[in-house]
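Participant: Requesting a structural model of the entry that follows:
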Amino acid sequence: MSSLNLDAEALYADLLAGVRPLLRSDSVLVGIWSGGAWLAERLHRDLHLPGEHGVISSALHRDDFGSRGLTAGADHTRLPFDVSSKAIVLVDDVLYTGRTIRAVINELYDFGRPASVTLAVLVDRGGRELPIHAAVSAARVTLPREQRLSLARDAAGRFSFEIEVQS
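Facilitator: This is a model prediction of the structure:
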């Protein structure tokens, strides 16, 4: 694993600024396990939002469930509010093919029918396989298909990126 030369903390500040205008009186943040959950937690705190943020897993609705099985994040959905009629701001670290977002939306609708779902991501790396688009992305990068970009968080809560080559 090596580090990608992107400043995750600077991009977080851009994400924070981009999410602020998306918020309505009925908005709630929902972070996708795990990097998106970290971002939603920090955004919720930094935006001084009332209540709690939610966390959602894509594991049970993935189209590759048969080959992947249950992942470590399968039991991490926690929505401490009724999603029905809420303006959901869905937060993720890296948007790539769109398959995780599709799975998460299916999971979200298992809990109710939101008024709207808006996607905010730290990095959009292109490569979409589904018609999914983020309303806010702090950065756009291009990486070879065999590389995986992920958000890391240290013990102090500071963000960085890791890149690994998939075999």
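
Participant: CA only for contacts and neighbour counts going forward, please
Facilitator: Will do.

Participant: in the chain, which spans are helices?
Facilitator: Listed in chain order, the helices of the chain (DSSP state H) span residues 8-19, 35-46, 65-68, 99-109.

Participant: which other helices and strands contact the first one?
Facilitator: Packing contacts for helix 8-19, counted by 3 or more C-alpha pairs under 8 Å, 6 or more residues apart in numbering; DSSP states H and E, involve strand 116-124, strand 136-140, strand 159-165.

Participant: circling back: among the helices of the chain, which is nearest Ala115?
Facilitator: helix 99-109 (11.0 Å; C-alpha to C-alpha).

Participant: Can I get the closest one as PDB, trimmed to CA atoms?
Facilitator: As requested, the backbone C-alpha atoms of helix 99-109 are provided in PDB (Å, rounded to 0.1, in the frame of the first residue of the first chain):
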ATOM      1  CA  ARG A  99     -22.700  -0.100  -7.500                       C
ATOM      2  CA  THR A 100     -22.200   0.700  -3.800                       C
ATOM      3  CA  ILE A 101     -24.500   3.700  -4.000                       C
ATOM      4  CA  ARG A 102     -27.200   1.600  -5.800                       C
ATOM      5  CA  ALA A 103     -26.900  -1.000  -3.000                       C
ATOM      6  CA  VAL A 104     -27.100   1.600  -0.300                       C
ATOM      7  CA  ILE A 105     -30.200   3.200  -1.800                       C
ATOM      8  CA  ASN A 106     -31.900  -0.200  -1.800                       C
ATOM      9  CA  GLU A 107     -30.900  -0.700   1.800                       C
ATOM     10  CA  LEU A 108     -32.200   2.900   2.700                       C
ATOM     11  CA  TYR A 109     -35.600   2.200   1.100                       C
END
